[in-house]
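[1] Quick one, structure for this:
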Amino acid sequence: MDESHRGKAAEEGDSGPHSRAPGAAKKRDSSPDSEASPGSETEREAKKKRISPGEEMELAQLARPEMRGAGDDHQDEFTPKSPISMPYIPDELKDPTAYPATLAAFEEAEVKYNAKLRRRYRLFSLPREPEVAPSCLVHQRHLLPIREPAKKAVLRAAKSIVRLSSSVDGKPLASCCGLWIDWEKESKTGIVLTTAHLIRSKHPTQNHWEGTDEYNTKSNVIVHLLDGTTADAHYLYHQEHYDLAFFKVRVVEQVELPLFSDSVHCGQDVFRLGRDDHMNLRITHGRVEDRNPVIYERHHYMYFLHQKNDCLSHQKKDNYISHEKNDECDDDGGSVIDLDGKVSGLVNKNLENSFVPSCILDKCVDLWRKFRCCIPRLHLGMKFSSIKFLDPIQIENMWRMYKIEDGLIVKEVSKESHAEKLGICIGDIIERFNGERVSTTVELENMLLDRCRDHLDQGGQLNEKIDVSI
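    Just a heads-up that it's a prediction; the model follows:
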């Protein structure tokens, strides 16, 4: 390349996104034998003299497209394919008195650059600083062996979980989670299953057996959908013993329906899922605990045993908590799922971290679907505890002395009940129900639901006496 071409290239400067203005190119070509050093006051004054006002305006016009930094000088709105480059101006051109047009062009480009950058960072793929704490599936090392299948299970099950809120006369009543269990294409309506706590207006005692809770079926219920919209929910039915409620919701788009697990066993890894007030997913790792209910609890619960803050090593016994007064649960009505993403239970937040296991839940939903607005249950007039959950020392003593190692121990008999009339007393042991061996109260609840279904299938009516053998 001859001397004339080299000089022209030096005047035009680089063509990259951080190109210097022509003045900067001249600085790079200044002779090393110049009397003034590159940073001296003499050279700066000389440069000012060399650039006339007309040339300075031309310089600003040449610099303006580069300083915009996004390559979209014909449109203000950001387009995904537009490059974003930070505006640049040499220090010697920052003098507002000498180069006002150039500095103004730079400042204008800087404002547009920052605006486009802010719009870019509002994209869902570039989330801002998280507003909620990371879930247990991010940094908890003790979950590493199950982290990948757990993530897949959680994301699959989360598609069926919504949030609900209720109010009476404009005053908030309750909020909880729920899950879709049905959707009809023709009517564009879905059915949400949740806890009856959503419409519970009075809860005077913790003793569930007293039946003193009150429910307002006229409550205004709103379903918060996954796309950020809301829909009115219409009350269908609630069952007070199992604390379940059903609502119908009009929703145009097809919803994701969950799968229910066939079995739940003690010690199983599970995850409790719910949603907060901003619809953020809540994920809590735990394990299933199966034990005897306390005297004021009903018999169909299993329990969610989890770690404090979901982060402590589960090698230490004290790290696991099954119930604490300060252990607030925002997942009432949400799902307990297994590692396949199937529903293992529905969260029922009482004093304990209890949930209705899928074996009971599935039967209740099936009864409701078949008989519409009816989930019947037999009342035996007795409370039980399971021999299976006693200390092995006690179980072994029973076996040595009486050859009994399984069954239900009668803990209480209702006054004037049929059981009392038959002479059943506290301390008696029930080994069989309708000819089948029974070990736990959850098994007994399953048998009671099956017996109710058989009774209705055979044409029986509600509130009728049914014969059972024990």
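
[2] Can you give the contact residues for the helix or strand containing residue 450?
    Assessed by DSSP states H and E, residue 450 sits inside helix 441-457. With C-beta atoms under 8 Å, 6 or more residues apart in numbering as the test, helix 441-457 has contacts from 290, 292-293, 299-302, 357, 359-360, 363-364, 366-367, 370-371, 374, 376-378, 380, 384-386, 408, 433-434, 436, 438, 464, 466, 468. Bear in mind the C-beta positions are built from the backbone N, C-alpha and C, glycine included.

[3] In helices, which of those residues appear?
    Of those, the ones assigned to helices by DSSP state H are 359-360, 363-364, 366-367, 370-371.

[4] Mind giving me the ChimeraX select for the residues you listed, buried ones only?
    Remark: buried members of the ones in helices among the contacts of helix 441-457, expressed as a ChimeraX selection using 16 or more other C-beta atoms under 10 Å:
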select :359,360,363,364,367
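
[5] Could I get the ones in helices among the contacts of helix 441-457 in JSON lines, plus columns for pLDDT?
    Output for those, formatted as JSON lines (pLDDT from 0 to 100):
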{"residue": "359", "pLDDT": "95"}
{"residue": "360", "pLDDT": "95"}
{"residue": "363", "pLDDT": "94"}
{"residue": "364", "pLDDT": "95"}
{"residue": "366", "pLDDT": "93"}
{"residue": "367", "pLDDT": "92"}
{"residue": "370", "pLDDT": "87"}
{"residue": "371", "pLDDT": "83"}
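
[6] Can you pull out the low-pLDDT segments for the stretch 251-400 of the chain?
    308-330, 350-352 (pLDDT under 70).

[7] Who are the contact partners of the residue nearest to residue 135 when sequence neighbours are not counted?
    With sequence-adjacent residues excluded and distances taken as C-beta to C-beta, 6 or more residues apart in numbering, residue 135 is closest to residue 283, at 4.1 Å. Contacts of residue 283 were listed using C-beta under 8 Å, 6+ apart, and they are 135-137, 154, 271-273.

[8] Please determine how far the spatially closest residue to residue 256 that is not a sequence neighbour is located from residue 190.
    Excluding the flanking residues, the one nearest residue 256 by C-beta to C-beta, 6+ apart is residue 159, at 3.7 Å. Taking C-beta to C-beta, to the nearest Å as the measure, residue 159 falls 13 Å from residue 190.

[9] more neighbours, the two?
    Shown here are residue 159 and residue 190; by other C-beta atoms under 10 Å, residue 190 has more neighbours (24 against 15).

[10] if I pick the more buried one, what's in contact with it?
    180, 182-184, 248-249, 251, 255.

[11] Select the longest strand from the chain.
    strand 171-184 (DSSP state E).

[12] Pairing partners for that strand, with directions?
    Take DSSP bridges as the rule and strand 171-184 pairs in its sheet with strand 161-168 (antiparallel), strand 189-195 (antiparallel).

[13] Okay, angle between that strand and helix 358-371 too, please.
    Strand 171-184 and helix 358-371 are oriented at 70 degrees to each other (axes from the mean of the first three to the mean of the last three C-alpha atoms, to 10 degrees).

[14] circling back to that earlier point, between residue 159 and residue 190, which contacts overlap?
    By C-beta under 8 Å, 6+ apart, no residue touches both residue 159 and residue 190.

[15] Please report the distance of the residue most central in space within the chain from residue 402.
    For the chain, the residue nearest the mean C-alpha position is residue 281 (1.6 Å; C-alpha atoms, centre = their mean). As judged by C-beta to C-beta, residue 281 and residue 402 stand 51 Å apart.

[16] Over to residue 135?
    From residue 135 to residue 402 the distance is 50 Å (C-beta to C-beta).

[17] of those two, who's got more company?
    Taking neighbours as other C-beta under 10 Å, residue 135 and residue 402 compare with residue 135 leading, 18 against 9.

[18] can you tell me how far the more buried one sits from residue 455?
    In terms of C-beta to C-beta, residue 135 sits 45 Å off from residue 455.

[19] Ok, residue 245 next?
    Distance from residue 245 to residue 455, by C-beta to C-beta: 24 Å.

[20] just residue 268 next, same as before
    Counting by C-beta to C-beta, the gap from residue 268 to residue 455 is 33 Å.

[21] if we can go back for a sec, and the ones in helices among the contacts of helix 441-457, which is closest to residue 100?
    Among the ones in helices among the contacts of helix 441-457, residue 364 lies closest to residue 100 (C-beta to C-beta), at 77.6 Å.

[22] Can I take it that residue 113 is in a helix?
    Yes. Assessed by DSSP: H, G, I helix; E, B strand; the rest coil, residue 113 belongs to a helix.

[23] To what extent is it buried, counted in neighbours?
    18.

[24] so it makes contact with residue 84?
    Yes. In this structure residue 113 lies within contact range of residue 84 using C-beta atoms under 8 Å: 6.8 Å.
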